[in-house]
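**Q** Predicted structure and sequence below. I'll ask about it afterward.
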Amino acid sequence: MKIKFLVLFLFGLSLIVSCRKDNVEKIETEVEDEFWIELRIPEQKKGVSAIYGSIEDTLVIATHNKIYQTTNQGKSWVNVYNTALGISGFSVFKGELLAHSNFGDYASSPFLFSLDHGKTWSRKSKYDYLVYDQIRVSREVISINDQKQFKIKSQPDKINDEDYNRPLRQPDKLIQVYKGNETLVYFPYERDLNCLYLDVNHRIYIGAEGTQFAWSSKNNVRTYPTHTDAAIIYISKLPVGQF
């Protein structure tokens with residue numbers, strides 16, 4: 001009887017675990033560099049468009065119209081909210097986490113609000129529209145101080161495609177700007193980069209697309225670049241002061 005009870009208990013436990021897994025989206029770690037961590041959310045039609053928090057504590061990200069949260073350093077992520085509108089950035093105003101809807105150099109127009117670090121979201125705001133209308137957050141530039149910035153920079157299409165006699169689009173680069181002078185930051189990945197974020201420990205986070213800058217062929221049609229269904233986050237292992 002003890003053995004039968006143990007078998008039934010283990011079977012029931014396995015069912016509970018499997019049900020929990022259905023509610024949690026797993027993250028695939030594809031490549032780990034000496035200076036950068038790469039985390040992937042598979043089966044995403046859009047890349048990472050907004051980031052808030054810290055990988056050591058609670059990290060919240062948006063893949064355009066889905067919000068995910070992790071509290072275990074990216075081992076798993078929970079899809080906490082879906083919306084029809086794209087999310088261009090996160091910001092905090094008087095303890096309230098805001099999700100913005102307008103894309104551009106700056107994310108603006110908050111439309112979702114959270115009071116528990118992004119675990120739950122509501123369209124009900126605390127303040128007047130005119131208050132929120134003044135809030136802007138830079139999407140592609142993070143300022144360290146008055147003299148130092150990091151930014152995403154698009155690259156010119158210098159490589160020519162001999163087959164089609166046209167320039168090929170190139171991956172974005174991470175640039176440091178110090179006293180007006182630009183220098184290339186070591187970043188070994190070739191991606192479309194969407195957004196930058198600096199956490200409380202001064203580590204850089206980069207939201208990226210799964211785009212691969214290579215040719216692909218389907219039904220005898222060649223395309224460049226190759227688009228993949230994945231959203232990617234890059235996290236610097238060192239704070240910006242040690243770059």
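**A** In hand now; what should we look at? Residues are numbered from 1 along each chain as shown.

**Q** what's the distance between residue 104 and residue 138?
**A** Residue 104 sits 10 Å away from residue 138, going by C-beta to C-beta, to the nearest Å. (Glycine included, C-beta is placed from N, CA and C.)

**Q** again with residue 171
**A** 21 Å.

**Q** Looking at residue 104 and residue 138, which is more packed in?
**A** Between residue 104 and residue 138, counted using other C-beta atoms under 10 Å, residue 138 has the larger neighbour count: 17 against 11.

**Q** Look up the closest residue to the more buried one, ignoring the ones flanking it.
**A** In this structure, residue 138 finds its nearest non-sequential neighbour in residue 106, 5.7 Å apart by C-beta to C-beta, 6 or more residues apart in numbering.

**Q** residues contacting that neighbour?
**A** By C-beta atoms under 8 Å, 6 or more residues apart in numbering, the residues touching residue 106 are 89, 136-139.

**Q** same question, residue 95
**A** Taking C-beta under 8 Å, 6+ apart, we find residue 95 in contact with residue 115.

**Q** That one and residue 174, how far apart?
**A** 31 Å.

**Q** for residue 85, same thing?
**A** 28 Å.

**Q** which other residues reach stretch 50-60?
**A** Residues outside stretch 50-60 that contact it (C-beta under 8 Å, 6+ apart): 37, 61-62, 67-71, 73-74, 87-92, 97, 99-100, 107, 117-118, 195, 197, 199-201, 203, 205, 207, 233, 235.

**Q** which strand of this structure spans the most residues?
**A** The residue-count maximum for a strand in the chain (DSSP state E) belongs to strand 106-114.

**Q** about what we covered before: looking at the contacts of residue 106, which are in strands?
**A** Assignment to strands by DSSP E places the following of the contacts of residue 106 there: 89, 137-138.

**Q** Show the contacting residues for residue 205.
**A** Contacts for residue 205 were tallied using C-beta under 8 Å, 6+ apart; they are 51, 55, 196-199, 233-236.

**Q** Next one: residue 73 from residue 235, what distance?
**A** From residue 73 across to residue 235, the span is 10 Å (C-beta to C-beta).

**Q** Between these two, point out the one with more neighbours.
**A** Between residue 73 and residue 235, counting by other C-beta under 10 Å, residue 235 is the more crowded of the two (19 against 14).
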